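Peer 1: Take this sequence and fold it.
(2 chains)
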Number of protein chains: 2
Amino acid sequence: MRANRSIVAAALSTAALSTAALLAFACAGASRGPAPLSPADPAPPAEWAIAVHGGAGTIDRGIDPQRKAAYVGALRAALELGSRSLAAGEPALDVVEKVVRVLEDDPLFNAGRGAVYTHEGTHELDAAIMDGRGLATGAVAAVKTVRNPISLARLVMERSPHVLLVGDGAEAFGDEMKVERVAQDYFHTETRYEAWQRALDSERRQEDRDTVGVVARDVFGNLAAATSTGGLTDKRFGRVGDVPIVGAGTYADNRTCAVSATGKGEEFIRHNVAHTISARMDFLGEGVETAAEAVIRRTLRPGDGGVIAVDARGNLALAFNTQGMYRGAADANGRFEVGIWEKWER
Amino acid sequence: MRANRSIVAAALSTAALSTAALLAFACAGASRGPAPLSPADPAPPAEWAIAVHGGAGTIDRGIDPQRKAAYVGALRAALELGSRSLAAGEPALDVVEKVVRVLEDDPLFNAGRGAVYTHEGTHELDAAIMDGRGLATGAVAAVKTVRNPISLARLVMERSPHVLLVGDGAEAFGDEMKVERVAQDYFHTETRYEAWQRALDSERRQEDRDTVGVVARDVFGNLAAATSTGGLTDKRFGRVGDVPIVGAGTYADNRTCAVSATGKGEEFIRHNVAHTISARMDFLGEGVETAAEAVIRRTLRPGDGGVIAVDARGNLALAFNTQGMYRGAADANGRFEVGIWEKWER
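Peer 2: The predicted model follows:
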């Protein structure tokens, strides 16, 4: 595998894309292999592809230009890191974890560092990761002192027999795994604190429910998905949303697609959004864009949220039924764009 | 609705089944309505149907006859309660909760009273309930002092905006809802204590992972599912299995079916077992038995577990790939049987 990877990296670095594509398919065959070419899909396969999101919802078009530039810059940087890593032949699973870590460390996003406040003024974080090769998956919910929940989720997947660990138990597992711990005030940001104060003062349900997520298809044809969040501002009672619920906010299966969702978690759980996209591809033979659009436009209701997805050929889908979704998409065919509202930014 | 219900009950009590069936369909029309009659399904629709399970796994055929009689008696009693309630026109949602409560209160089953021991010698319980009418659902995970977790899950569904509450937060919500609390020693049973002691003494992973579950179709054509468990003997780190994961261990949609699963939770999560059965019916047009068998025989591996399911016409499926599954099935056409191994008990 290591040898193949460096060959692919070398091929890519000399821009010998067709050779790389051949090698990629040869490697993919060794695991589960990409889906067959569908007639509706005449574009050449992208030997790697990645999409990122930073949450979907009502995003003010009159947003402060500096703040907008910060989001665009952060999405671009995440996408660049992911693209560079995939082009160098890194496995999708490593790339989705790595890019989510960067988004978790960025105070702009409601995940890791920038996590929202709970009703009690604490922070409780959820994350999930899934490997499309054999459906291995790991998730954590309601963790309080773990700097990068996505990496703890990966350890649950690889170093425990379980899929989902919650609360103090997940923290204790983190101790054994020696993950990096932080004090709760690490998660303090002025923006989230003010949002919490406004929520405490108001009777209105909070709509501050962003998430970060990454899906990738690597040069070996493998898919992976990772999602991380601080949840809902002012949430109470150990509320857990869709992010750590495999099949709701996160899913990956080499035979179909990798999906990461963001939005009203409860709706994404009851409709099993991520798994439904995979099931539509599997049982109805739909392409990834058709399946993602069907779920976003027909299964869900306007304002519920959005998804990013990638299939085994590197086709990307970014669909949302909210005013906006912080997002980015890139692939080996030269696509590289980020967006907030309908139109992509130039 | 109340008026309709008593009419249906009266009709049933005078055995005017065809009138009752007509009324049932009229009522069902007011919500979402049953699935259309499929040509593969010539049996007259059962205007109510119910299935229960008490866990799947390796069940010793040389089981002590008294213990076997206790299980058969408990399953029969649960089935009788459910049948009587459905025949009297009670809604599926009420019936699945009521019957799961009885199974939770029975020390024989690993749910509620008979919950297994965690590695730390405590008890942590999970439960989920789902209403097929509008996909309303509620779940709790890792609760420690709630006598009937299934009723707390129903309160999450009906009295909170959320779907899943975990740990101390779920307990605090239980306080507000004034659910019945018990001390941890309420959950002590000699059998589970000994199983825990054996687990502590051995390096071997525990296989003691039973669950209880009920699915029902009421005379109004509505479906509901409920599942409850104490989880895995000797579990650590706040491990949560498939039971409270909507789409994995529990799912209900009037358009397709209601499902409750039992077995190796991690496998049921990664394959989204309950939702996959629903998706096969929805997207492939399979009947409930075909869909359940496909998932149990082909998606899962021998030894993983089992499911019970009911469709909108009252067809029941009880499928497992383990040596046995404690189970029962009854409907308005006179079916009433319980079983442990392949053959139904007489």
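
Peer 1: Helices of chain A, residue ranges please.
Peer 2: A:2-13, A:17-30, A:65-87, A:92-105, A:149-159, A:167-177, A:190-201, A:265-270, A:273-279, A:288-294 (DSSP state H).

Peer 1: quick check: mean pLDDT across the shortest one?
Peer 2: For helix A:265-270, mean pLDDT rounds to 96.

Peer 1: List every C-alpha atom in that helix, with coordinates, as PDB.
Peer 2: Provided in PDB are the C-alpha atoms of helix A:265-270 (Å, rounded to 0.1, in the frame of the first residue of the first chain):
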ATOM      1  CA  GLY A 265     -30.500  17.200  13.900                       C
ATOM      2  CA  GLU A 266     -33.800  15.800  15.000                       C
ATOM      3  CA  GLU A 267     -35.200  15.900  11.400                       C
ATOM      4  CA  PHE A 268     -32.000  14.200  10.200                       C
ATOM      5  CA  ILE A 269     -32.400  11.400  12.800                       C
ATOM      6  CA  ARG A 270     -36.000  10.600  12.100                       C
END
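
Peer 1: what packs against it?
Peer 2: Secondary-structure packing of helix A:265-270 (3 or more C-beta pairs under 8 Å, 6 or more residues apart in numbering or on different chains; DSSP states H and E): strand B:136-143. Yep, even glycine has a C-beta here, placed from its N, CA and C like the rest.

Peer 1: mean confidence score for the strand it packs on?
Peer 2: 96.

Peer 1: so what's residue A:279 up against?
Peer 2: Residue A:279 makes contact with A:256, B:275, B:276, B:279, B:283 under the criterion C-beta atoms under 8 Å, 6 or more residues apart in numbering or on different chains.

Peer 1: contacts for stretch A:158-169?
Peer 2: A:136-143, A:156-157, A:173, A:177, A:238, A:240, A:244, A:246, B:141-142, B:166-168, B:205, B:236-241, B:245, B:265-266, B:269-270.

Peer 1: Just the buried residues from these, in ChimeraX please.
Peer 2: With 16 or more other C-beta atoms under 10 Å in any protein chain shown as the criterion, this ChimeraX line picks the buried residues out of these:
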select /A:136,137,138,139,140,141,142,143,156,157,173,177,238,240,244,246 /B:141,142,166,167,168,236,237,238,239,240,241,245,265,266,269,270
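
Peer 1: List the backbone torsions phi and psi for residue A:59.
Peer 2: Phi and psi for residue A:59, reported as degrees, to the nearest 10, are phi -120, psi 110.

Peer 1: doesn't residue A:342 make contact with it?
Peer 2: No - counting by C-beta atoms under 8 Å, residue A:59 stays clear of residue A:342, with 11.3 Å between them.

Peer 1: more crowded one of the two?
Peer 2: The neighbour count for residue A:59 versus residue A:342, taken as other C-beta atoms under 10 Å in any protein chain shown, is higher for residue A:59 (17 against 9).

Peer 1: and that one, how far is that from residue A:295?
Peer 2: Applying C-beta to C-beta, to the nearest Å, the value for residue A:59 to residue A:295 is 21 Å.

Peer 1: Ok, residue A:137 next?
Peer 2: Residue A:137 is 20 Å from residue A:295, by C-beta to C-beta.

Peer 1: same deal with residue A:318?
Peer 2: As judged by C-beta to C-beta, residue A:318 and residue A:295 stand 13 Å apart.

Peer 1: hang on, the earlier thing: so which of the helices of chain A gets nearest residue B:299?
Peer 2: The closest of these to residue B:299 is helix A:273-279. By C-beta to C-beta, the value is 11.5 Å.

Peer 1: chain center to that closest one, what's the gap?
Peer 2: With C-alpha atoms, centre = their mean, to the nearest Å as the basis, helix A:273-279 stands 15 Å off its chain's centre.
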